[in-house]
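Student: after the sequence you'll find the predicted model.
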Amino acid sequence: MTAACVVPHCGRPAPGAHLCPGCRDRLVADLRDIAKHHPDGQPSLIAELDTTLARLAKTTAGRSGVRSRNADTPLPYHPGAAEARYVLTNTITTWARDVAETNPHLTFTADSVEAAAAWLAQFPNLLAIHPAAAELHDEITSAAHLARRVIDHAVDTRIYLGRCGDIAGRHGCPGVVYARRRADTGTCDTCGDEHDVHTRRAAMLRALANRTITAADISTSLARLGIEISVDDIQRRAKAGVLKPATVDVHRRRSYRVGDVLRVFLGPDALTAA
C-alpha cells in the first residue's frame, strides 16, 4: 500500500517517499526562490528582503531624521524584514547541514544562504524521503511565505481591527476597520464609522485567545493587531520551558494557544487589560 504524504491536510499518495510529488515540487520551487541563481532571473527572496530593509531604513530616516519607532515612522510588516531574513537564513542553513549529515555521500560547501538553498534544490528526491520531511517542508515553506508577506507589505503601518459591523463580519457593515499605530480610534474603510482601538483590539484578542496555531501564525496574527512578538522569541521561550506547546503533532510540529503566548509576553492580565 502506497503511503500518504506527511504534509498536513495533503494526504495524496507519496510512492516510496514521505512527500507527494506536488508537495516536493512546491518545496523545491521555494528553495529556488530563495536561491541566488533563480531560473527566471528574478532576484532571490534574500535579495528582496535586503532591498526592503534598505527601503525601510531610507524611508524612516527621511521622515524622522533618526531610525526610531515613533507614531509617524513606517514600520516593517511583522515579523519585520530583519526578522524574516534571520528566520529564512537560520531555517535554510540548519536544514542544509541536516541533509548533508543525513546523506554523508554528499559534499556541502555552500557559503551563503542562497547557495545553501540552491544546493538543497538539487536533491528533490532526497528531500522527499528525509526522515523529518514533514518538519523540513513546513519550516522552509513557512519561512519563504513569511518573507513574501514582509516584502509585499513592508511599509503597511495600519492595525487591523476586524469588520465594521462586528469583528467577524457576521452582521452589519462588512467594511474593514484600520487604525494608525498608537491612534485612539480606527476608521471603517467602507462607511467611515470610527471605533475605539482599545475596545476593538481587546475583543480581537479575546476571540483569538483559545485558538491553537503555530508560532508563525501567532506572530503574523498578532502583528496585524499591532503587537510585535517574533517567531524566534516564541521559540526561545518554548525551548526555555516558559511557554508550553498546546499540541505537538505526529510530525513534531508545535502549536501554541494564543492566550498562553499573550500572557507570557504581555503579562498575566494580557487579555483583561488588552
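Tutor: Thanks, I have it.

Student: okay, now the unreliable bits of the protein?
Tutor: 1, 36-42, 54-80, 152-157, 169, 272-274 (pLDDT under 70).

Student: where do the strands of it begin and end?
Tutor: 159-163, 176-179, 185-188, 194-196, 212-213, 247-248, 254-257 (DSSP state E).

Student: between these, which gets nearest to N90?
Tutor: N90 lies closest to strand 254-257 among the strands of the chain, at 16.3 Å (C-beta to C-beta). In this view, the C-beta of every residue, glycine as well, is placed from N, C-alpha and C.

Student: contacting residues around the closest one?
Tutor: For strand 254-257, contacts defined as C-beta atoms under 8 Å, 6 or more residues apart in numbering pick out 209-215, 218, 234, 238, 243, 245-249.

Student: ok, longest helix in this structure?
Tutor: helix 81-102 (DSSP state H).

Student: can you pull the contacts of L262?
Tutor: Taking C-beta under 8 Å, 6+ apart, one finds L205, A209, L222, I227, A270, L271 in contact with L262.

Student: quick one on the thing from earlier: buried ones only from the contacts of strand 254-257, please, as a ChimeraX command.
Tutor: Buried residues within those, by 16 or more other C-beta atoms under 10 Å, are selected in ChimeraX with:
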select :209,213,214,215,218,234,238,243,245,246
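
Student: what about the contacts of strand 254-257, which are in helices?
Tutor: Per DSSP H, those map to helices at A215, I218, I234, A238.

Student: and those residues, which is closest to A179?
Tutor: Once C-beta to C-beta is applied, the member of those that ends up nearest A179 is I218, at 20.8 Å.

Student: so the closest one versus A117, what's the distance?
Tutor: 26 Å (C-beta to C-beta, to the nearest Å).

Student: now do the end-to-end distance for stretch 237-255.
Tutor: Terminal residues of stretch 237-255 lie 13 Å apart, using C-alpha to C-alpha, to the nearest Å.

Student: would you mark the buried spots in stretch 2-18?
Tutor: Quick answer for stretch 2-18 (16+ other C-beta under 10 Å): C5, V6, V7, C10, A14, A17, H18.

Student: I meant to write stretch 191-208 there.
Tutor: Those would be H195, V197, R200, R201, A203, M204, L205, L208, for stretch 191-208 by 16+ other C-beta under 10 Å.

Student: nearest residue to the second one in space, please, no chain neighbours.
Tutor: Closest residue in space to V197, ignoring its immediate chain neighbours: A179 at 5.0 Å, by C-beta to C-beta, 6 or more residues apart in numbering.

Student: perfect, I'm done here.
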